[in-house]
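# Based on what follows, work out the 3D shape:
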Amino acid sequence: MTNTSMTHALRTLGDHTWQNRAACLPTEDNPVDPELFFPGPDEVDRIAAAKALCARCPVKEVCLDAALENGDRVGIRGGMTEEEREPLHRDLPNRLDHARVDAVLAGRDVHLTDVERRAVVRAAYQAEIPAERLAWLLKITEEHAEKLYRRVRREIRNRSVGRTAAPGCRGGGHPDRGDFREAA
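Next up, the predicted model:
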């Protein structure tokens with residue numbers, strides 16, 4: 001599981017206003033050719049030029065997040081080539097960014113991975129946040145929120161049961177092969 005905590009501002013779901021502050025936005029004063037961000041693999045000069053523009057971009061991290069969250073695998077995004085982003089795309093489902101978890105618990109509508117959603121549910125359960133509020137935070141039904149709370153309760157109960165060794169077991173509450181030989 002990847003455990004990260006981003007320091008940049010999190011964008012809310014459906015928010016594209018960050019693009020208005022991007023260094024790559026073509027304007028009269030800033031003539032940028034969008035094709036610069038779609039170089040061929042051997043176009044080293046174009047790759048370097050695009051990355052240089054990204055390096056001075058105030059929304060570089062948000063751009064990278066948007067590319068990852070939207071599955072955008074083409075071109076240079078957030079200062080990274082397609083090849084450089086590939087491991088991040090692959091690892092995204094395992095991302096655990098506590099800033100995102102905290103943002104959702106505070107009522108912000110940000111993109112979450114499945115791992116982060118589970119962390120929100122666990123944190124909400126432990127903070128005794130009502131299922132109705134969890135449902136609102138995650139945009140799910142109250143019944144689904146109650147189901148998620150039941151799952152967390154079971155996980156917590158099973159984890160605490162697993163720590164207590166059962167009689168005749170060497171540890172962790174699960175018998176091993178030696179336990180069966182001794183019983184025979």
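# Does A103 touch V110 like I think?
Yes - here A103 reaches V110: they are 5.1 Å apart, a contact under C-beta atoms under 8 Å. Any C-beta I mention is one placed from the backbone N, CA and C, and that applies to glycine too.
# between those two, what contacts are shared?
Residues touching both A103 and V110 (C-beta atoms under 8 Å, 6 or more residues apart in numbering): L10.
# which residues of the protein score low on pLDDT?
Applying pLDDT under 70 to the chain flags residues 1-9, 11-12, 14, 162-184.
# List the buried residues for the longest helix belonging to it?
The longest helix of the chain (DSSP state H) is helix 142-163. Within helix 142-163, the residues that count as buried by 16 or more other C-beta atoms under 10 Å are 145, 148-149, 152.
# Ok, stretch 54-64 next?
54, 57, 59-64.
# May I have it as PDB, with CA atoms only?
C-alpha atoms of stretch 54-64 as PDB (Å, rounded to 0.1, in the frame of the first residue of the first chain):
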ATOM      1  CA  CYS A  54       5.700  22.200 -16.500                       C
ATOM      2  CA  ALA A  55       8.500  23.000 -14.100                       C
ATOM      3  CA  ARG A  56       7.300  26.600 -13.700                       C
ATOM      4  CA  CYS A  57       3.600  25.700 -13.700                       C
ATOM      5  CA  PRO A  58       1.700  26.600 -10.500                       C
ATOM      6  CA  VAL A  59      -0.700  23.700 -11.000                       C
ATOM      7  CA  LYS A  60       1.800  21.000 -11.900                       C
ATOM      8  CA  GLU A  61       0.800  18.600  -9.100                       C
ATOM      9  CA  VAL A  62      -2.900  19.100  -9.700                       C
ATOM     10  CA  CYS A  63      -2.400  18.400 -13.400                       C
ATOM     11  CA  LEU A  64      -0.600  15.200 -12.500                       C
END
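# chain center to that stretch: distance?
Centroid separation for stretch 54-64 versus its chain: 18 Å, with C-alpha atoms, centre = their mean, to the nearest Å.
# Likewise for stretch 92-109?
7 Å.
# Next: stretch 89-109.
5 Å.
# Kindly report the same for stretch 67-77.
Remark: stretch 67-77 is offset 15 Å from the chain centroid, using C-alpha atoms, centre = their mean.
# If we go by neighbour counts, what in that stretch is buried?
Going by 16+ other C-beta under 10 Å, stretch 67-77 has these buried residues: 67-69, 72, 75-77.
# what do you get for stretch 31-42?
32, 36-37, 39.
# In helices, which of the buried residues of stretch 54-64 appear?
Per DSSP H, the subset of the buried residues of stretch 54-64 in helices is 54, 60-64.
# Including distance to A23, could those residues go into CSV?
Shown next, in CSV, are these (distance: C-beta to C-beta, whole Å):
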residue, distance to A23
C54, 7
K60, 8
E61, 13
V62, 12
C63, 9
L64, 13
